[in-house]
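Chemist: the following comprises the amino acid sequence and a computationally predicted model.
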Amino acid sequence: MKKKSNSSPLLEVSHLEKSFSDKLILDDINLELKPGKIYGLLGKNGAGKSTLIKTINTLIIPDSGKILFKNRPLGPSSKAEIAYLPERTYLDLSTTIKYNLDLFSSFYKNFDRKKAVEMLHSLDLDENMKLKKMSKGMQEKLQLILVMSRKASLYILDEPLGGVDPATRDFILDTILTNFADGSSVLISTHLISDIERILDEVIFLNHGKITLTGSADYLREKHQKSIDQIFRETFKC
């Protein structure tokens, strides 16, 4: 069941711009994320999705514009409430599952270790197993479990479906849908629209650093009489 939202924005991005080597990557980005919704940040590779996500997570400093989280500038308080899953693996493959549970427990006050352990046991994963002994799909599942076990206000997932098999994709989507905290929101960046659109409440189309379309997934499907994947393909066709 989807969470209900209220009218006050969780995250506000205003007139955000970022360039690298004189190339404009984010071009006057304006958007709002409200609590209780799953947002899809949709665009082709190179559209600026990861740059926007890294800017929200203060890993990249914008050239201009501002980002507010719960009406406050980004800082330590927003870092404590935003759970981020980067596109590339960040876990040390020489460590064990237990080591990473200990790490998240000590680093994040909002980490629910009991929830993480329950999800890991549902996959028959031994906490003493080393990550390098796990398949890529299992590593992806572990990363997602660690992130989704935080009681965060906003979960930001950058290409969580990339490079994994269909069964793992289903697990990832079901985990996202059933485990994000009540009243929180999820922002998922992806170009694999058909796999993910069943869980989306809202969509944001990003193309060449510009937002070209936003709206309710249900409204857009009804308006265009097409799936979000079909709308995406028509919008971004070569």
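Modeler: Alright, I've got the coordinates. Numbering: from 1, shown residues only.
Chemist: what is the neighbour count of L103?
Modeler: L103 has 15 neighbouring residues, counting by other CB atoms under 10 Å. Where C-beta positions appear, they are placed from N, C-alpha and C, glycine not excepted.
Chemist: next up, the contacts around R150.
Modeler: A83, F104, Y108, N110, F111, D112 (CB atoms under 8 Å, 6 or more residues apart in numbering).
Chemist: return the set of residues that bridge with the spatially closest residue to the third one that is not a sequence neighbour.
Modeler: Once its chain neighbours are removed from consideration, Y108 has its nearest residue in R150; the separation is 5.5 Å (CB to CB, 6 or more residues apart in numbering). R150 has the following beta-bridge partners by DSSP bridges: F111.
Chemist: ok, now how distant is R150 from E118?
Modeler: The gap separating R150 from E118 is 15 Å, by CB to CB, to the nearest Å.
Chemist: residue nearest the middle of this protein, spatially speaking?
Modeler: Closest residue to the average C-alpha location of the chain: L157 at 2.0 Å, with CA atoms, centre = their mean.
Chemist: wait, is it part of a helix?
Modeler: No - using DSSP: H, G, I helix; E, B strand; the rest coil, the secondary structure at L157 is strand, not a helix.
Chemist: neighbours around H15, how many?
Modeler: H15: 11 surrounding residues under other CB under 10 Å.
Chemist: on contacts alone, who are the packing partners of the helix or strand of the chain with the lowest mean pLDDT?
Modeler: Here the helix or strand of the chain ranked lowest by mean pLDDT, DSSP states H and E is helix 166-179, holding a mean of 84. With contacts defined as 3 or more CB pairs under 8 Å, 6 or more residues apart in numbering; DSSP states H and E, helix 166-179 has these neighbours: helix 113-122, helix 136-148, helix 193-196.
Chemist: now that helix, how far from the chain's geometric center?
Modeler: 13 Å (CA atoms, centre = their mean, to the nearest Å).
Chemist: so which bits of it are buried?
Modeler: Buried residues in helix 166-179, counted by 16 or more other CB atoms under 10 Å: T168, R169, F171, I172, L173, T175, I176, N179.
Chemist: next one: stretch 115-129
Modeler: A116, V117, M119, L120, L125.
Chemist: related to what we said a few turns ago, wait, the residue nearest to the centre of the chain sits on N179?
Modeler: No - counting by CB atoms under 8 Å, N179 is not a contact partner of L157; they are 11.9 Å apart.
Chemist: quick one: the helices in the protein?
Modeler: Along the chain, the segments classed as helices by DSSP state H run 49-56, 76-81, 97-107, 113-122, 136-148, 166-179, 193-196, 217-224, 228-235.
Chemist: count of neighbours near the closest residue to G43 other than its chain neighbours?
Modeler: Nearest residue to G43, sequence neighbours excluded (CB to CB, 6+ apart): L206, at 3.8 Å. For L206, the neighbour count with other CB under 10 Å is 25.
Chemist: residue contacts, the closest residue to M148 other than its chain neighbours?
Modeler: Counting by CB to CB, 6+ apart, N179 is the residue found nearest to M148 once chain neighbours are left out, at 4.5 Å. Applying CB under 8 Å, 6+ apart, we find N179 in contact with K115, M119, M148, S149.
Chemist: mind doing that once more with 10 Å?
Modeler: D112, K115, A116, M119, L144, I145, V147, M148, S149, R150, Y155, V186 (CB atoms under 10 Å, 6 or more residues apart in numbering).
Chemist: fine by me, we can end here.
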